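# this is a predicted model, with the sequence first.
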Amino acid sequence: VLTRVLQAGRISLTVGLASMVLSVFIGALLGTIAGYYRGIADQIIMRIADLMLTIPSLPLLFIFGAMLSEWKVPTDYRMYIVMVMLSFVGWPGLA
């Protein structure tokens with residue numbers, strides 16, 4: 001039982017850390033672009049971020065998860081897709 005718990009913890013930490021790093025990278029990159037260029041680039045990027053913040057993230061992740069199982073995505077790739085989905089939901093708060 002301890003081995004299974006440690007294995008699951010390792011996978012959870014990997015998904016959490018990788019999705020946060022990707023989210024910080026995307027948010028910092030888009031925030032830097034918006035702050036540097038200002039004007040129309042700032043307006044477009046920040047309106048997209050505002051739109052993403054208005055969508056509830058948990059139901060959106062449920063929908064993405066259901067789509068993964070419906071599309072019969074191989075289990076080897078699901079962890080990476082979950083990382084991208086969590087990053088997609090998390091970047092607007094950092095931008």
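Good, I have the coordinates. Predicted model, so just to flag it, every value in this text is computed and none were measured. Numbering: from 1, shown residues only.

# and the average pLDDT for the longest helix seen in the chain is what?
Longest helix in the chain by number of residues (criterion: DSSP state H): helix 2-37. Throughout helix 2-37, pLDDT has a mean value of 94.

# now the following helix or strand past that helix against helix 2-37, angle please.
Downstream of helix 2-37, the next assigned helix or strand under DSSP states H and E is helix 39-54. Put simply, helix 39-54 runs at 150 degrees to helix 2-37, going by axes from the mean of the first three to the mean of the last three Cα atoms, to 10 degrees.

# now do helix 39-54: which elements does it pack against?
In terms of contacts (3 or more Cβ pairs under 8 Å, 6 or more residues apart in numbering; DSSP states H and E), helix 39-54 is packed against helix 2-37, helix 75-94. Heads up, the C-betas are built off the backbone N, CA and C, glycines and all.

# just say which of the ones you listed is most tucked in.
A comparison of the helices and strands packed on helix 39-54 by mean neighbour count, using mean count of other Cβ atoms under 10 Å, puts helix 75-94 on top with a mean of 16.

# which one of the helices and strands packed on helix 39-54 lies closest to P56?
helix 75-94 (9.7 Å; Cβ to Cβ).

# just checking, what packs against that closest one?
Partner elements for helix 75-94 (3+ Cβ pairs under 8 Å, 6+ apart): helix 2-37, helix 39-54, helix 57-70.

# would you list those helices in JSON lines and tack on distance to M79?
Converted to JSON lines, the helices and strands packed on helix 75-94 look like this (distance: least, Cβ to Cβ, whole Å):
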{"stretch": "helix 2-37", "distance to M79": "6"}
{"stretch": "helix 39-54", "distance to M79": "23"}
{"stretch": "helix 57-70", "distance to M79": "11"}
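
# which of those helices sits closest to W91?
helix 2-37 (4.1 Å).

# tell me the gap between that closest one and the middle of its chain.
How far helix 2-37 lies from its chain's middle: 8 Å, per Cα atoms, centre = their mean, to the nearest Å.

# likewise for stretch 44-61?
The answer for stretch 44-61 is 11 Å, by Cα atoms, centre = their mean.
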